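Student: Predicted coordinates and the sequence they were generated for:
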Amino acid sequence: MLKDVFLETYATIPASVDRTRIKQTVAAYLASYADNDITGRAALFADEVVAEEPVGTPPIEGLAALKAFWQGSRDAGWSVANRLKRIIVNGNEACIVFESDLAVPGQGAVSLEVFETLAFDQEGRILRLRAYNDESCLR
């Protein structure tokens, strides 16, 4: 009975982007890091994207600035492997939890648990990204 109350509430949340499309976009976004596919990743984002990587640092505003941010990581030799642990979709937004294995030549390697909120535009592109992680997320 109580479960039905929640299910009814979820069913009333408006969405202009299909839930499956959001899940596919998230999967493609996380997978794009394995081969540093900046072009493919950029295609998943709106031109007017705002990203906080992580929350509390200056926002990266616009797709060109975000691509430059990713290019800086690639130029530094970063390697990244992401494993999605959980995705929650409400309307045109998602909250994702994933484990990211990161390595930089000469700097070593670390695993980082990441919590991100993503908002999608009408075309299903990522319009806002907010990444949450702190020292408790380092492994």
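Tutor: Here it is on my side, so go on.
Student: and the gap between the residue most central in space within the chain and Arg130?
Tutor: Centroid-nearest residue in the chain, with CA atoms, centre = their mean: Glu116, separated by 5.6 Å. Glu116 sits 7 Å away from Arg130, taking CB to CB, to the nearest Å as the criterion. C-betas here are computed from N, CA, C, even on glycine.
Student: got it, and Cys95?
Tutor: 10 Å.
Student: the more surrounded of the two?
Tutor: Arg130 (18 against 15; other CB atoms under 10 Å).
Student: partner strands of whichever strand or helix holds that one, parallel or antiparallel?
Tutor: Per DSSP states H and E, Arg130 falls inside strand 126-132. Strand 126-132 pairs in its sheet with strand 45-52 (parallel), strand 108-120 (antiparallel), by DSSP bridges.
Student: Distance from the first one to the middle of the chain?
Tutor: Right, strand 45-52. 11 Å (CA atoms, centre = their mean, to the nearest Å).
Student: Run the angle between whichever strand or helix holds Val97 and strand 108-120 for me.
Tutor: Following DSSP H and E, one finds Val97 within strand 93-104. Inter-element angle recorded for strand 93-104 and strand 108-120: 160 degrees (by axes from the mean of the first three to the mean of the last three CA atoms, to 10 degrees).
Student: picking that back up, could you dump the strands paired with strand 126-132 into a markdown table with distance to Ala27 added?
Tutor: Shown next, in a markdown table, are the strands paired with strand 126-132 (distance: least, CB to CB, whole Å):
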| stretch | distance to Ala27 |
| --- | --- |
| strand 45-52 | 15 |
| strand 108-120 | 12 |
